[in-house]
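Trainee: Quick one, structure for this:
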Amino acid sequence: MTNPNRWTRAIAGAAVTACLVSTAIPASAATLPAGEGDAATPIAAPLTNLAHLDFLLDQVDPPATEGHTTYRIGSEPVLTMPWTYADARDGGTFERVGGGGPVDPVTGYWAQGAFNSDDITRAAVVYIRHFVQTGDAASREKAYQLLRSTAYFQTVTGENTGNVVLWMQPDGTFNVSPEPIELPDPSDSGESYWLARSIWALGEGYAAFVDADPEFAAFLQDRLQLAVDALDRQVLDDYGTYEVADGVQVPAWLIVDGADASAEAVLGLAAYSAAAPDDVAARTALAHLSEGIAKMSAGDTRTWPYGAILPWAQSQTDFHSWASQMPVSLARASATLGDPTLLAPAVKDSVGFTTVLLTGGGPDNGWLPTPTDTVQIAYGADSRLQSLLAVGDVARLPGLHELAGMMGAWFFGMNRSGEPVYDPATGVTFDGVQVDGTVNRNSGAESTIHGLLAMIALDGHPDVAARALAATQVTTREGLTVVEAETGVTTGGSIVKPESAWTGESLFGGEGYLRLPAGSRASFDLGAPSGTSHVEPVVFQPSGSTASSVWRNGRIPIGFVTHGVGEQGITAVPGALLPQTLQLPILASRPQASVSVSSGTVQLDSIIVRPLVSRLALAGEGASTELVHSTSVLPLPTRIGSQGTAGTLREYDGSGALVGERAVSGQNALVLQPGGFAVLTR
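Mentor: Numbers count the residues shown, from 1 in each chain. The predicted structure is shown next:
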């Protein structure tokens, strides 16, 4: 289970109806455009295999607990839920384990517990979506049982009514204050990720069962309404008010200040509101949370975070791929509410930022603001995949499905290990790919769940699935790179190694940062950029103070920076570690930069080097996919393809709209639209 504590996750990462699986749109808009040279063929069998998730499930007969009950508890006292982790054992087998270190030999209790509501709710979503997509009776039954368990974790009496307990021991006893402590403590005493995820499951569950089992759906509706009441008094009572984060106005009505947590609640509210449009309170909660998520859109083609929807209101420099379902949530909400304005930030994220992420290394756990946590897990890959598919569906932008085919390939080898991390024969999704390219071969609930959610989505988009399977090996990757400031040659500067790299809202890279007082200079070798590139110094900018620096490429000035940020507000520390946009790029033939500090003190962490044309090429047996993406504000000529190959080239503008399609062979010239991209498939 991904640790929801912000400071921990930022350092380590994470160790129905039209709105359920895919918004109903014309078939021509829901699939990749067909063209000459496309070699990928539809997959022969479904990718989704529920066997490993089935293995993780266990049954518990909990003791009577005040404030907790569920549907038909008297006649059906046994609850179903997945174990949190599954450790790899010899022979490809797994042992189910709980969280928080070794089990107590006397009580059989774990420091955290055996089961948690985060995984129960998301496992329910897997079976719900599989049931809705296939009509499978076994998935319907497991969805029913897991939704009963979801409801049992919800507190239904007292001041915490509507909130959710996080952990349960193997005998069914709740552990409301686990070790290590997770906020809120006790776990049902306030807003939380697990409240958001319960809303996700209850909402999609209602939509799935409203016709199949109206009595059960009515129970789910009652429980969702309790959760919405909790949101109203703990979160949405601040609707329309704002906080300040390092001088930037941010919405004060997000769940745990998170667009990420709020997005997962929106997934449930969108599905529920599509099926129960007369529930004004739920529809209002959907609209308000979606508005808050949309307001976390930041940056543009040239400026960090390059159009991404940031996940956390308390940091302007924290993006993580896990739980980054903000675009898919806005797409679902847009479809349910009939509000096209919610699509704009979702498209901006998908076209502008996800292309940067793909060409820069894939779904890393954390860019804080540079890729400082480059572990990759299924939760992150699935979140990005779900967003590309949903935004492509709702906005009718098939180009996003082309990007989804590349992101989906992560599960089949398009990752740092070069190996598949999902096995359709067993349903096992490994727990992630480490920084050194090794695979964590454990397969706990979270990884299994998000691997399966990705497979269900791919099975619902067979053309995308075919591309994801056809080209899985990285042959070329030319994207964002980072040069640590400590590698520079300096006159008058000094290297500072902070006690902790974590600032409270971002993360220093390398060994620390370079302290440059007024009058000092430093020069840097920027490696071997693939072409003309943006240079973006990453500087810790303190609040209430200013410094200034001049940047040069040789003798040519490429940027003047005035350093400093606005009011600290709700952030953890006064100041922010922020990339600075320089006015001019550098040429590949002169990959150097230097800085001279005119006034104040500059705390330089690193330098981002970002090609004006980034590139990712994937290959497979008889197939290939090549992506080129522009980070320029002007039309930009480039080339794509290689000698001896033929395929189909499609060009898209900065809004993701198709602007050209043609059959090509060999290497081809094209002009990329500002912020646009092109994909060559064969």
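Trainee: From here on, just use CA atoms for contacts and neighbour counts.
Mentor: Noted.
Trainee: what separates D260 from T70, distance-wise?
Mentor: Counting by CA to CA, to the nearest Å, the gap from D260 to T70 is 28 Å.
Trainee: quick one: which of the two has more around it?
Mentor: Neighbours were counted for D260 and for T70 using other CA atoms under 10 Å; D260 has more, 29 against 21.
Trainee: That one reaches M326, doesn't it?
Mentor: Yes - between D260 and M326 there is a contact at 6.1 Å, judged by CA atoms under 8 Å.
Trainee: Mind listing the shared neighbours of the two?
Mentor: Shared contacts of D260 and M326, defined by CA atoms under 8 Å, 6 or more residues apart in numbering, are found at P311.
Trainee: And the helices in the stretch 401-550 of the chain?
Mentor: 445-459, 462-470 (DSSP state H, counting those that start in this stretch).
Trainee: Buried residues of the longest one, list them for me.
Mentor: Of the residues in helix 445-459, 445-459 count as buried by neighbour count, 16 or more other CA atoms under 10 Å.
Trainee: Need the contact partners of the lengthiest strand in the chain.
Mentor: Ordering each strand of the chain by length in residues (DSSP state E) puts strand 601-611 first. Strand 601-611 is contacted from outside by 370, 478-486, 508-509, 512-518, 526, 529-541, 547-549, 563, 579, 631, using CA under 8 Å, 6+ apart.
Trainee: out of those residues, which are inside strands?
Mentor: 478, 481-484, 513-517, 533-541, 547-549, 563, 579.
Trainee: Show me how to select, in PyMOL, the buried members of the residues you listed.
Mentor: Remark: buried members of these, expressed as a PyMOL selection using 16+ other CA under 10 Å:
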select buried, resi 478+481+482+483+484+513+514+515+516+517+533+534+535+536+537+538+539+540+541+547+548+549+563+579
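Trainee: what are the pairing partners of the helix or strand harbouring G660, and which direction each?
Mentor: According to DSSP states H and E, G660 maps onto strand 658-665. When pairs are called by DSSP bridges, strand 658-665 turns out to pair with strand 646-652 (antiparallel).
Trainee: Contacts for the partner strand, please.
Mentor: Counting by CA under 8 Å, 6+ apart, 35-38, 399, 658-666, 672-673, 676-682 sit against strand 646-652.
Trainee: quick revisit: so for the strand holding G660, what gets flagged as buried?
Mentor: 658, 661, 663-665.
Trainee: Quick one: those residues as JSON lines, columns for pLDDT and distance to D119 too.
Mentor: Shown next, in JSON lines, are these (pLDDT from 0 to 100; distance: CA to CA, whole Å):
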{"residue": "L658", "pLDDT": "98", "distance to D119": "39"}
{"residue": "E661", "pLDDT": "97", "distance to D119": "43"}
{"residue": "A663", "pLDDT": "97", "distance to D119": "46"}
{"residue": "V664", "pLDDT": "96", "distance to D119": "47"}
{"residue": "S665", "pLDDT": "95", "distance to D119": "48"}
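Trainee: hang on, the earlier thing: which one of the helices of the stretch 401-550 of the chain lies nearest to N365?
Mentor: helix 445-459 (13.5 Å; CA to CA).
Trainee: what packs against that closest one?
Mentor: Identification of packing neighbours for helix 445-459 by 3 or more CA pairs under 8 Å, 6 or more residues apart in numbering; DSSP states H and E yields helix 51-56, helix 117-134, helix 378-395, strand 428-429, helix 462-470.
Trainee: ok, 10 Å please
Mentor: Contacts defined by 3 or more CA pairs under 10 Å, 6 or more residues apart in numbering; DSSP states H and E place helix 445-459 against helix 51-56, strand 85-89, helix 117-134, helix 378-395, helix 398-408, strand 422-423, strand 428-429, helix 462-470.
Trainee: quick check, distance from that helix to the centre of its chain.
Mentor: Chain-centre distance of helix 445-459: 14 Å, with CA atoms, centre = their mean, to the nearest Å.
Trainee: Can we start the residue count at 25 from this point?
Mentor: Sure, I'll start counting at 25 from here, so that last one is helix 469-483.
Trainee: And the residue nearest in space to the middle of the chain, how close does it get to D342?
Mentor: The residue lying closest to the centre of the chain (CA atoms, centre = their mean) is S348, at 2.6 Å. Per CA to CA, S348 is found 11 Å from D342.
Trainee: Common neighbours of the two, please.
Mentor: Common neighbours of S348 and D342 are listed as 334-335 (criterion: CA atoms under 10 Å, 6 or more residues apart in numbering).
Trainee: Low-confidence regions, the stretch 575-706 of the chain specifically.
Mentor: For the stretch 575-706 of the chain, applying pLDDT under 70 flags no range at all.
Trainee: now do 90
Mentor: 587-588, 666-669 (pLDDT under 90).
Trainee: Low-confidence bits of the protein, can you list those?
Mentor: Residues of the chain meeting the criterion pLDDT under 90: 25-69, 124-126, 204-205, 552-555, 565-570, 587-588, 666-669.
Trainee: which residues of the stretch 175-324 of the chain fall in helices?
Mentor: Using DSSP H, counting those that start in this stretch, helices in the stretch 175-324 of the chain cover 217-233, 238-258, 283-299, 304-318.
Trainee: Looking at the ones you listed, which is nearest to T527?
Mentor: helix 283-299 (20.6 Å).
Trainee: counting contacts, what elements does that closest one pack onto?
Mentor: Taking 3+ CA pairs under 10 Å, 6+ apart as the contact cut, helix 283-299 packs with helix 217-233, helix 238-258, helix 304-318, helix 350-361.
Trainee: L77 touches V150, doesn't it?
Mentor: Yes - shown here, L77 and V150 form a contact pair, counting by CA atoms under 10 Å, at 9.3 Å.
Trainee: any common contacting residues for those two?
Mentor: 472-473, 476.
Trainee: Could you single out the nearest of these to H312?
Mentor: Out of the shared contacts of L77 and V150, the member with the shortest distance to H312 (by CA to CA) is I473, at 28.1 Å.
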